[in-house]
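> 3D model of this:
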Amino acid sequence: MLKGALVSYTPTFLTPVPTAIVFQFNPETMTHSWAQPDRAADEGMTPGTEAGNPLAVPGMPSEEFELTVMFDSNQDIGDGVPVSSQLAELSGVYTRLAALEMLLYPVASDPLSQLLGQASAALSQIGSDAGTACQSDVPDSIVPVVLFVWGAYRIVPVRVIALTITERLYDDVLNPIHAEAQLRLRVLTPAELRAAREDNKVLGALATAAYTYTLGVRQLDALANLGDVALSALGIG
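Alright, predicted model coming up:
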């Protein structure tokens with residue numbers, strides 16, 4: 001059986017390093033929601049008063065997933081896989097929880113971009129007038145690029161915007177041995193991905209490719225549904 005996963009990517013000089021958090025148990029339910037951006041609200045206008053096409057929107061709809069993932073160290077120990085069973089005996093499910101938690105913590109952006117930014121800021125400081133403050137172009141820290149993988153046809157770039165962990169049982173040294181993690185994931189839009197590409201071209205391109213692939217699958221499925229409707233109307237199938 002396929003299992004869902006979150007795959008994060010850490011920026012490096014060369015190839016981004018992936019870290020996969022595979023769901024030990026697939027959630028039984030998942031909430032998938034969309035919200036259509038309102039052009040009037042985006043432009044500070046009163047709804048219904050905007051000029052032009054009332055169906056015009058500023059971009060792609062926002063999209064979110066909400067799901068709860070369970071972890072149990074007894075399952076890891078019972079599976080008998082050397083590394084995972086040993087980790088489960090030593091630390092329960094804490095390693096899995098820690099990996100989820102780190103998805104919300106900022107990491108340094110691409111080292112090469114950061115070095116270039118620091119050099120640019122230093123040159124600007126040298127060339128500025130004495131006593132005049134200059135703006136630094138050093139990139140801010142960013143959270144990791146994360147792909148939410150749910151089967152072969154749903155792979156989307158997301159940002160983890162909320163994580164709530166409920167620890168239920170503990171071992172003798174207070175390591176959690178059973179826990180539930182409630183995740184709220186926001187799918188990154190093409191506009192946001194363009195900004196990500198400016199900060200890190202490799203990771204931005206990877207995230208854009210995932211978004212485009214999943215959107216293409218959705219469009220094909222929608223066309224297949226139209227075909228089913230047409231066949232039903234003709235009394236075929």
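> So in the protein, which helix runs the longest?
In the chain, taking DSSP state H as the definition, the longest helix is helix 201-233.
> in that one, what counts as buried?
For helix 201-233, a neighbour-count test (16 or more other C-beta atoms under 10 Å) marks 202, 203, 204, 206, 207, 208, 210, 211, 214 as buried. To be clear about C-beta, it is placed using only N, CA and C from the backbone, and glycine gets the same treatment.
> same deal with stretch 146-166?
146-150, 154-160, 165.
> likewise stretch 25-34?
Under the neighbour-count criterion of 16+ other C-beta under 10 Å, stretch 25-34 has residue 27 buried.
> just how off-centre is that stretch within its chain?
Distance of stretch 25-34 from its chain centroid, counting by C-alpha atoms, centre = their mean, to the nearest Å, is 15 Å.
> got JSON lines for the buried residues of stretch 146-166, with distance to residue 86, pLDDT and secondary structure too?
Below are the buried residues of stretch 146-166 laid out as JSON lines (distance: C-beta to C-beta, whole Å; pLDDT from 0 to 100; DSSP: H, G, I helix; E, B strand; the rest coil):
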{"residue": "146", "distance to residue 86": "27", "pLDDT": "95", "secondary structure": "strand"}
{"residue": "147", "distance to residue 86": "28", "pLDDT": "97", "secondary structure": "strand"}
{"residue": "148", "distance to residue 86": "29", "pLDDT": "98", "secondary structure": "strand"}
{"residue": "149", "distance to residue 86": "26", "pLDDT": "98", "secondary structure": "strand"}
{"residue": "150", "distance to residue 86": "29", "pLDDT": "97", "secondary structure": "coil"}
{"residue": "154", "distance to residue 86": "33", "pLDDT": "96", "secondary structure": "coil"}
{"residue": "155", "distance to residue 86": "31", "pLDDT": "97", "secondary structure": "strand"}
{"residue": "156", "distance to residue 86": "33", "pLDDT": "97", "secondary structure": "strand"}
{"residue": "157", "distance to residue 86": "33", "pLDDT": "96", "secondary structure": "strand"}
{"residue": "158", "distance to residue 86": "31", "pLDDT": "97", "secondary structure": "strand"}
{"residue": "159", "distance to residue 86": "33", "pLDDT": "95", "secondary structure": "strand"}
{"residue": "160", "distance to residue 86": "28", "pLDDT": "96", "secondary structure": "strand"}
{"residue": "165", "distance to residue 86": "23", "pLDDT": "98", "secondary structure": "strand"}
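> OK, contacts around residue 101?
Residue 101 is in contact with 163, 165, counting by C-beta atoms under 8 Å, 6 or more residues apart in numbering.
> show me where pLDDT drops low in this protein?
Low-confidence regions of the chain, defined by pLDDT under 70, span residues 11-15, 39-52, 108-140, 227-237.
> Sort out which one of the buried residues of helix 201-233 lies nearest residue 10 for me.
Within the buried residues of helix 201-233, distances to residue 10 taken as C-beta to C-beta reach their minimum at residue 203, with 9.1 Å.
> right, and that closest one touches residue 7 too?
No: in terms of C-beta atoms under 8 Å, residue 203 does not count as a neighbour of residue 7; the distance is 11.7 Å.
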